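A.B. asks: task: produce atomic coordinates for the following.
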Amino acid sequence: MFKQPTGRLITLAAFFWGSSFVNASPAAPTVSNGGVDLAACYQKARQISETLGISQENIRFVEAEVHDKLGDVFPHIDWIKSQFYQQNVNNGSGGVGGSILKPTQPESYFQLTQPLFSGMRDWAALDIAKSLKQEYRYAETQSELQLLSDVASAFYLALTTQEQLATLVETRRITQDRIKELQHWVDVGRSLSSDLLSAQTQVATLDAQIEDTKRSSMETRELLRFLTGVSPETPLVDDHPDPAAVPMNEALDRSNHRPDLMAQEEAVRQAHLGIKYAKGSYWPNLGLLAHWYTERVGFESDIRWDATFTLDVPLLEGGSNRAQVQEARSQDIIAELTMARLKRNVEQQVRTAQQDLTATISEATAYGKAVDLGQKNYQAQEKEYRNGRTTNLDVLLVLSNLEDTKRQWVASKYASKLDDILLKISTGEGL
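C.D. replies: Residues are numbered from 1 along each chain as shown. Model prediction:
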């Protein structure tokens, strides 16, 4: 499952409640060359992520377990060399007794140990280890998608604060220029001092908003630095195309191969194999122990090999076998229920992500139209002010409303891009 990104971009109004840049029509915000885009940030995050490193080590650990289980199935061959010493007792006897009483009795042999049948438990254990290895591979992919979700959320949050700070600074410059002009009209008696004070109050408010946004921008860049190692001084470049709405049915179909679903399928398979492994305890065990002697002394010196077959038939285990099977069946039911719950969670996540994307695309489109109209209104108001048909405060009010709309447009545009990525992540895709 994916965590919801902390502070979705659509809620960034708490950060950006001031005016912003007005001399541009709605278009994708750009920054200077030499910056990093989302793909570069994600690759840097992959390189320093401890979570991905742990996932990779888990895979190596399970690979070792697979080889360990293979060792239980294949034969074991050992060379054993022994040298026995005892007190020298010379009683003059020969034959068997003389051989046994020799002070030194060396022995050397190859030993073969081969399990022949164990109720198929060894093969079930091997299959479980292989399935666990595949589950961990899916879990690693899931961790990569979660990392992408975190990086994308931090990236667009930082990019939004970066753009909002630039627009606030530009708005202050424009407002300050109007104050200079207004000061002239107050001096010649064509404007009231209260108009000037109102404009100066707006500049002071913008100064406070700029400082607050600088703080927010610094926090978001530190979060991005934590995830990616990218310095806060490095500009961010948005090259993600404007998203398009995705039909709900298509999004749901694409989510059928999410890595967490595939990982849980492996967990269900392991639970099924666990029942098979537990039932194997009812079956007898058959094994082979064989020796090939290269050095022996005494009356056995001419015997070069021997072999022992061992059959162990469980007759009464105090009910432990039955308990193990019942435990395995309970684990199987738990795995199936977990799979069913995960499927419902995935469907809910995909539906929410698809609806969020559709809403933010519509919102960004509407705000884009509002910015166009607001820009035309501002230009008309400024022209009427030059002709003396409106006041400077009226122009400043239109400017403030325009920039508030521009701020909402910037936030919703980046929110739609983030939602597009989150929808892809919710369906198991990446960048």
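
A.B. asks: export stretch 390-406 to PDB, keeping only CA atoms.
C.D. replies: Only the C-alpha atoms of stretch 390-406 are listed here, as PDB (Å, rounded to 0.1, in the frame of the first residue of the first chain):
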ATOM      1  CA  THR A 390     -10.600  54.500 -11.700                       C
ATOM      2  CA  THR A 391      -8.400  54.700  -8.600                       C
ATOM      3  CA  ASN A 392      -5.000  53.300  -7.800                       C
ATOM      4  CA  LEU A 393      -6.600  51.200  -5.000                       C
ATOM      5  CA  ASP A 394      -9.000  49.600  -7.600                       C
ATOM      6  CA  VAL A 395      -6.000  48.600  -9.700                       C
ATOM      7  CA  LEU A 396      -4.200  47.200  -6.700                       C
ATOM      8  CA  LEU A 397      -7.300  45.200  -5.700                       C
ATOM      9  CA  VAL A 398      -7.500  43.700  -9.200                       C
ATOM     10  CA  LEU A 399      -3.800  43.000  -9.100                       C
ATOM     11  CA  SER A 400      -4.200  41.200  -5.800                       C
ATOM     12  CA  ASN A 401      -7.100  39.100  -7.000                       C
ATOM     13  CA  LEU A 402      -5.300  38.200 -10.200                       C
ATOM     14  CA  GLU A 403      -2.200  37.100  -8.300                       C
ATOM     15  CA  ASP A 404      -4.300  35.100  -5.800                       C
ATOM     16  CA  THR A 405      -5.800  33.300  -8.800                       C
ATOM     17  CA  LYS A 406      -2.400  32.800 -10.300                       C
END
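
A.B. asks: list the buried residues of that stretch.
C.D. replies: Buried residues in stretch 390-406, counted by 16 or more other C-beta atoms under 10 Å: 390-393, 395-396, 398-400, 402-406. Yep, even glycine has a C-beta here, placed from its N, CA and C like the rest.

A.B. asks: how close does residue 62 get to residue 362?
C.D. replies: Using C-beta to C-beta, to the nearest Å, one obtains 46 Å as the distance from residue 62 to residue 362.

A.B. asks: hmm, I typed the wrong one, I wanted residue 184.
C.D. replies: Distance of residue 184 to residue 362, computed by C-beta to C-beta: 45 Å.

A.B. asks: about what we covered before: who's more crowded, residue 62 and residue 362?
C.D. replies: residue 62 (18 against 13; other C-beta atoms under 10 Å).

A.B. asks: which SSE is that one in?
C.D. replies: helix 50-73 (DSSP states H and E).

A.B. asks: just checking, next helix/strand downstream of that helix?
C.D. replies: Using DSSP H and E, the next helix or strand after helix 50-73 towards the C-terminus is strand 76-85.

A.B. asks: in contact with the nearest residue to residue 393 once chain neighbours are set aside, which residues?
C.D. replies: Once flanking residues are discounted, residue 393 sits nearest to residue 195: 5.4 Å by C-beta to C-beta, 6 or more residues apart in numbering. By C-beta atoms under 8 Å, 6 or more residues apart in numbering, residue 195 lies in contact with 182, 186, 391, 392, 393.

A.B. asks: now do residue 397
C.D. replies: With C-beta under 8 Å, 6+ apart as the criterion, no residue contacts residue 397.

A.B. asks: re the thing from before, which two in the buried residues of stretch 390-406 are spaced the farthest apart?
C.D. replies: Using C-beta to C-beta, the two most remote members of the buried residues of stretch 390-406 are 391 and 406, lying 22.6 Å apart.

A.B. asks: where in the chain is pLDDT low?
C.D. replies: Scanning the chain for pLDDT under 70 picks out 1-34, 90-101, 185, 189-191.

A.B. asks: all strands of it, in order?
C.D. replies: In the chain, the strands defined using DSSP state E lie at 76-85, 104-117, 285-295, 305-312.

A.B. asks: quick one: closest of these to residue 343.
C.D. replies: Per C-beta to C-beta, nearest to residue 343 of the strands of the chain: strand 104-117, 38.9 Å.

A.B. asks: tell me which residues are up against that closest one.
C.D. replies: Outside strand 104-117, the residues that touch it by C-beta under 8 Å, 6+ apart are 72-73, 75-86, 122, 283-298, 309.

A.B. asks: show me which of those residues are buried.
C.D. replies: Using 16+ other C-beta under 10 Å, the buried ones in those are 122, 285, 286, 290, 291, 293, 296, 298.

A.B. asks: got those residues as CSV, with distance to residue 147 columns?
C.D. replies: Shown next, in CSV, are those (distance: C-beta to C-beta, whole Å):
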residue, distance to residue 147
122, 38
285, 47
286, 50
290, 53
291, 55
293, 60
296, 63
298, 69
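
A.B. asks: and those, which is closest to residue 419?
C.D. replies: residue 122 (49.9 Å).

A.B. asks: dump the residue contacts of residue 248.
C.D. replies: By C-beta under 8 Å, 6+ apart, the residues touching residue 248 are 351, 354.

A.B. asks: ok, it to residue 80 distance?
C.D. replies: Relative to residue 80, residue 248 is positioned 69 Å away (C-beta to C-beta).

A.B. asks: for residue 60, same thing?
C.D. replies: Separation of residue 60 from residue 80 (C-beta to C-beta): 33 Å.

A.B. asks: so where do the helices sit in the stretch 301-431 of the chain?
C.D. replies: Secondary structure of the stretch 301-431 of the chain (DSSP state H, counting those that start in this stretch): helices located at 320-386, 392-426.

A.B. asks: so which of these comes closest to residue 133?
C.D. replies: Across the helices of the stretch 301-431 of the chain, closest to residue 133 is helix 320-386 (C-beta to C-beta), at 17.2 Å.

A.B. asks: still on that earlier bit, now the strands of the chain as CSV including distance to residue 340?
C.D. replies: Listed next are those as CSV, based on distance: least, C-beta to C-beta, whole Å:
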stretch, distance to residue 340
strand 76-85, 43
strand 104-117, 37
strand 285-295, 37
strand 305-312, 40
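
A.B. asks: and these: which comes nearest residue 162?
C.D. replies: Closest among those, using C-beta to C-beta: strand 76-85, at 63.9 Å.

A.B. asks: and the angle for the closest one with strand 104-117?
C.D. replies: Orientation note: strand 76-85 sits at an angle of 160 degrees relative to strand 104-117 (axes from the mean of the first three to the mean of the last three C-alpha atoms, to 10 degrees).

A.B. asks: from the contact counts, what lies against the helix holding residue 62?
C.D. replies: Where contact means 3 or more C-beta pairs under 8 Å, 6 or more residues apart in numbering; DSSP states H and E, helix 50-73 is packed against helix 121-187.
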